[in-house]
Each structure stands twice: as C-alpha cells, then as structure tokens.
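Undergrad: Can you look at this prediction? I've put the sequence above it.
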Amino acid sequence: MGDYEIGRFIYLAILLVAVGSWVFVQNRQSLGKTLQMFAVWGFIFLGVIASYGLWQDIRQTVRPQQNVAVDGGRVEVPRAPDGHYYLTLDVNGTPIEFLVDTGASQVVLNESDARRAGIDTGNLAYLGRAQTANGEVRTASVWIDEMSLGGITDTGVRVWVNKGALDQSLLGMGYLQRWSSIEIRNGALVLTR
C-alpha cells in the first residue's frame, strides 16, 4: 500500500466515524430501531456485492445451458457465455467436445480426447508441425472412421493429434467445409448441409 492509499484509507475511516457519530447522536432515542435498519441495509449491501462477484457462477444455473438444435440437415448452437461456440461430436462413437475454430485449418484433437476416441497416441508419428499462438507444436495425422453430429455422420475424416498442451480440441475448417453453409445469425452458429 502506497502513501496515497494509506492517506485515502485514513480519510475514509475518519469520514465513516463522523457520519456514524452523527447518526448515533440523532437517533439515540430509538437506537434499537436504528441498529435494526443498519443491519437490514448491511445485508442488502452484502447480497448485492455477493451477487455481483458470483454472477459468472450463478448465471450458469440461472440461464439455461447451451443446447444444440438439430433439425434435418441444419444444426444451430447458441454462443456460450464465454463468447465461443462449442459442439459435441461423436468421434468413433465417443462424445468429444470441440471449440469451433474457423481460424484452424484442420480438426485438432488433444491427446486426452484422442485416447478417449480409441487412438493409440503412444504409437503415433508426430511428424507434422503447426504454428500456434503458443509457438510451434508437433502433430500427427490420423483418419477417423466416423464423426457424427446430431445424426449427421461423416466417414474418413482426417484429424490431427496435438502433442503440445491443448486444453480443448478444435473443430477447424477440415470438418466445417463439409457443410454447405456456415453462418452466425442472432448469436447462434448455424450449420446447414
């Protein structure tokens, strides 16, 4: 804490004591009622502060979770609270959550998701290299037998397994270009076959 902050704190403390003393003197006849009102306002203030501070956690339960609407050859997914779009696809029968990334040229699985999808990551040849925001990473190319999204199935999809640190698998243009139309409308990502 610097000198400026200490001075400001002392000023606010003196101001609080002055206002508190005035309120006490003015309301000494009905002190019990005054303390009760202070307690009510204090709890209201704490409730507002707690709601504001915990809003990110609260809105996950207050607002409905992200739902993917599948209608024939059309998939619509609302924007997530963090501003991104997420899709869960069945990769070789295993549900994998992807971050939709139109800036990625290929579908990229992190090693954990690749293992869950039945890919033996220990025997992959990580011969490829990719430039990411975190620098260069090693990648291995594999072919997926089957990728499904809401009843729409693609076979023989080429994906890349990332050897580096990747928290979320990426659904890049290697898969998205299989759709005839990709658009963002009213806060939702709409894919059409």
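TA: Everything's here; your move. If you're wondering where the values come from, they're calculated on a predicted model, not measured in any experiment.
Undergrad: Got the phi and psi for L124?
TA: phi -80, psi 150 (degrees, to the nearest 10).
Undergrad: May I have the distance across stretch 94-108, first residue to last?
TA: End-to-end distance for stretch 94-108: 15 Å, by Cα to Cα, to the nearest Å.
Undergrad: neighbouring contacts of that stretch?
TA: 77, 84-90, 109, 113, 116-118, 130, 139, 147, 157-162, 166, 168-176, 182, 189 (Cβ atoms under 8 Å, 6 or more residues apart in numbering). The way it works is simple: take the backbone N, C-alpha and C, and place the C-beta from them, glycine included.
Undergrad: Name the residues of that stretch that are buried.
TA: I96, F98, L99, V100, D101, A104, Q106, V107, V108 (16 or more other Cβ atoms under 10 Å).
Undergrad: In those residues, which has the lowest confidence score?
TA: Lowest pLDDT among those: A104, with 83.
Undergrad: could you pull out the strands for the protein?
TA: Remark: strands assigned in the chain by DSSP state E are 69-71, 74-78, 86-91, 94-100, 107-110, 128-132, 135-149, 152-162, 169-171, 181-185, 188-192.
Undergrad: Output the lowest mean pLDDT helix or strand found in the protein.
TA: Taking mean pLDDT, DSSP states H and E as the measure, the chain has helix 55-62 as its least confident helix or strand, at a mean of 59.
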